[in-house]
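Q: Below are the sequence and a predicted model; questions follow.
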Amino acid sequence: MEIKLIQLQMHGDERGSLVALEQDKNIPFHIKRVYYMFSTKESVRRGYHAHKELKQVAIAVRGSCRFLLDDSKERVEVLLDNPAQGLVIESFMWREMYDFSDDCVLMVLADQLYDESDYVRDYEEFIKLAG
Ligand code: T46
């Protein structure tokens, strides 16, 4: 499975660092929604679903966490610990997130508004649909 990690340009100077996200430029879609999670307990594993249509880019803007991505044929673990790196999560990709550091702020850019009917929350159903 090909893991797409976008290297985002960091504009750093003596004041600190800045990363800009631009739709259809360094983010490969129109951004319709942004959400972020924080204060996630270290022992928590979240996600456990795939999306039928949704495409997303996840960035650990602070701290770190791991993603398990599963395309129904292969499972790959990805560590996100760099605010200048964006993980592309395509549709029909099962995802689980875990090992959140105390300070982790995980920001996600999405190409669709929130829609519960786009979620596939049953792993067996995901395997059938992805196949
Ligand atoms: C994903 C992974 C990476 C909303 O009301 N609006 C939203 O835009 C989102 C994302 C969530 N919610 C509500 C739905 C739930 O009651 O927030 C609650 C927590 O969402 P959920 O349990 O789906 O969170 P995760 O961490 O399991 O999954 C989230 C995204 O939902 C999902 O699309 O790919 O992060």
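A: Ah, there it is.

Q: So which residues of the protein form strands?
A: Ranges of strands in the chain, per DSSP state E, are 5-7, 10-13, 16-19, 33-37, 46-51, 56-62, 65-70, 75-80, 85-89, 94-98, 105-110, 119-120.

Q: for the ligand, what are the nearby residues on this structure?
A: R33, Y35, M37, R46, G47, Q56, A58, R95, V108, Y114 (CB under 6 Å from any ligand atom). Where C-beta positions appear, they are placed from N, C-alpha and C, glycine not excepted.

Q: mind listing what the fifth one touches?
A: Same thing as G47. Counting by CB atoms under 8 Å, 6 or more residues apart in numbering, G47 makes contact with F67, L68, R95, E96, M97.

Q: could you check the distance from D122 over to the ligand?
A: 14 Å (CB to the nearest ligand atom, to the nearest Å).

Q: now swap in K73 and tell me
A: Distance from K73 to the ligand, by CB to the nearest ligand atom: 20 Å.

Q: what about that residue, how many neighbours?
A: Neighbour count for K73, taken as other CB atoms under 10 Å: 9.

Q: in this protein, which ranges drop under the pLDDT threshold?
A: Within the chain, not a single segment meets pLDDT under 70.

Q: Tell me which residue is most central in it.
A: Residue closest to the mean C-alpha point of the chain, counted by CA atoms, centre = their mean, is A58 at 3.0 Å.

Q: I figured it hits L106, correct?
A: Yes: applying CB atoms under 8 Å, one finds A58 in contact with L106, separated by 6.2 Å.

Q: Find residues that contact each of these two.
A: Joint contacts of A58 and L106 (CB under 8 Å, 6+ apart) are L80.

Q: Which positions within stretch 54-73 qualify as buried?
A: For stretch 54-73, a neighbour-count test (16 or more other CB atoms under 10 Å) marks 54-61, 63, 65-70, 72 as buried.

Q: my bad, stretch 33-49
A: In stretch 33-49, counting by 16+ other CB under 10 Å, buried: M37, T40, H49.

Q: what residues are up against the last one?
A: Which is H49. H49 neighbours (CB under 8 Å, 6+ apart): W94, R95, Y119, V120, R121, F126.

Q: so what's the backbone phi/psi at the closest residue in space to D81 that isn't next to it in sequence?
A: Nearest residue to D81, sequence neighbours excluded (CB to CB, 6 or more residues apart in numbering): S64, at 3.6 Å. For S64, the backbone dihedrals (degrees, to the nearest 10) come out as phi -150, psi 160.
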